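S.K.: everything below, folded, please.
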Amino acid sequence: MTSRPAERDDAKPPPLSNLLRELPNLALIWSSPVRPVRVPAETSLGAPDERSPVLVFPGILSADPATSLMRRTLRASGYHAYASRLGVVTGVTPQLVARAEARLEYVFAKHQRPVTLIGISLGGLYARVLGQRHPDKVHLVMTLGTPFSGDRRANNAWRVYEAINDHSVDNPPFNDDPKRKPSARTIAIWSPYDGIIAPACSRGEENERDIAIEVPERHFEFSASRRSINRILALLEEHAG
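M.R.: So this is what the prediction gives:
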């Protein structure tokens, strides 16, 4: 059983010890495309056309294969689940945001109903920005370990971000503010055991999201652990209306 970290300022980057504990979970992400689907027994299967379609955005230096198990489990549970088709996500740029908008438009037009957006880590910034820009096309925004609030350097990934982008984390090349809550219902999933993102940044303030849910996962478990995926299924069922 994982022991909870000692009380500390959770708006600062997680300590090195938490970061090192993330490394074994990389195997969950890398093996996501080949792991078998297991639908929870309590899942209420329904007609996919009666449910909000789901569009999933992966995190930084990741791509759609990392969310394969999640999407395949959603499909087996009665959802239309779609990959982002953004390629390897290196940052948040106008070009990638435009591609994400086109993907949202495609899913919305295909099903003629608002879309649920799920974003892991950096991918959650795409989900929130799309929710802000296209309120008529978005049913729900769910972020998992996404640093949408607080100091943009309160994490252990900002140096990597700046190394592979032509702008700093403090000056992204677009005017959207991820802290602003989309009009759609917004769920922020966060963890005190996160080794990448400061918990306060992924939890957000009360006026920045509708619901904040504390979970026991580490950062690299958010997209690929069965526990996390099963929780996502339960939340989708709960907020289906």
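S.K.: which of the residues in the longest helix along the chain are buried?
M.R.: Across the chain, the helix with the greatest residue count (assigned by DSSP state H) is helix 94-111. For helix 94-111, a neighbour-count test (16 or more other Cβ atoms under 10 Å) marks 96, 97, 99, 100, 101, 103, 104, 107, 108, 111 as buried. Any C-beta I mention is one placed from the backbone N, CA and C, and that applies to glycine too.
S.K.: figure out how far that helix is from the centre of its chain.
M.R.: Between the mean C-alpha location of helix 94-111 and the chain-wide mean there is a distance of 17 Å, by Cα atoms, centre = their mean, to the nearest Å.
S.K.: that older thread, closest to residue 176 out of the buried residues of helix 94-111?
M.R.: Each of the buried residues of helix 94-111 was checked against residue 176 using Cβ to Cβ; the closest is residue 97, at 7.9 Å.
S.K.: okay, the closest one: pLDDT?
M.R.: In the predicted model, residue 97 carries a pLDDT score of 94.
S.K.: wait, it sits on residue 174?
M.R.: Yes - proximity of residue 97 to residue 174 meets the contact threshold set by Cβ atoms under 8 Å, at 6.4 Å.
S.K.: give the intersection of the neighbour lists for the two.
M.R.: Each of residue 129 lies in contact with both residue 97 and residue 174 under the rule Cβ atoms under 8 Å, 6 or more residues apart in numbering.
S.K.: all helices of the protein, in order?
M.R.: According to DSSP H, the helices that the chain contains are 16-22, 26-30, 68-76, 94-111, 123-133, 158-164, 199-203, 226-238.
S.K.: just for the protein, where's the confidence low?
M.R.: Along the chain, the model assigns pLDDT under 70 to residues 1-9, 43-48, 241.
S.K.: count of neighbours near residue 113?
M.R.: The number of residues packed near residue 113 is 15, by other Cβ atoms under 10 Å.
S.K.: ok, now how distant is the nearest residue to it once chain neighbours are set aside from residue 111?
M.R.: For residue 113, the nearest residue in space outside its immediate sequence neighbours is residue 52; the separation is 6.3 Å by Cβ to Cβ, 6 or more residues apart in numbering. When Cβ to Cβ, to the nearest Å is applied, the distance between residue 52 and residue 111 equals 8 Å.
S.K.: check residue 172 too.
M.R.: When Cβ to Cβ is the yardstick, residue 172 and residue 111 sit 30 Å from each other.
S.K.: do the same with residue 150
M.R.: 35 Å.
S.K.: do the same with residue 61
M.R.: In this structure, residue 61 and residue 111 are separated by 30 Å, where distance is defined by Cβ to Cβ.
S.K.: ok so, going back, quick check, nearest of the buried residues of helix 94-111 to residue 123?
M.R.: Proximity of those to residue 123 (Cβ to Cβ) peaks at residue 100, which lies at 9.2 Å.
S.K.: still on that earlier bit, quick one: neighbours of the residue nearest to residue 113, just the number.
M.R.: Using other Cβ under 10 Å, the number of residues around residue 52 comes to 21.
S.K.: then residue 154?
M.R.: Using other Cβ under 10 Å, residue 154 has 21 neighbouring residues.
S.K.: how deep is the residue nearest to residue 51 when sequence neighbours are not counted tucked in, by neighbour count?
M.R.: Spatial nearest neighbour of residue 51, excluding adjacent residues (Cβ to Cβ, 6+ apart): residue 79 at 5.6 Å. Other residues near residue 79 number 20, with proximity taken as other Cβ under 10 Å.
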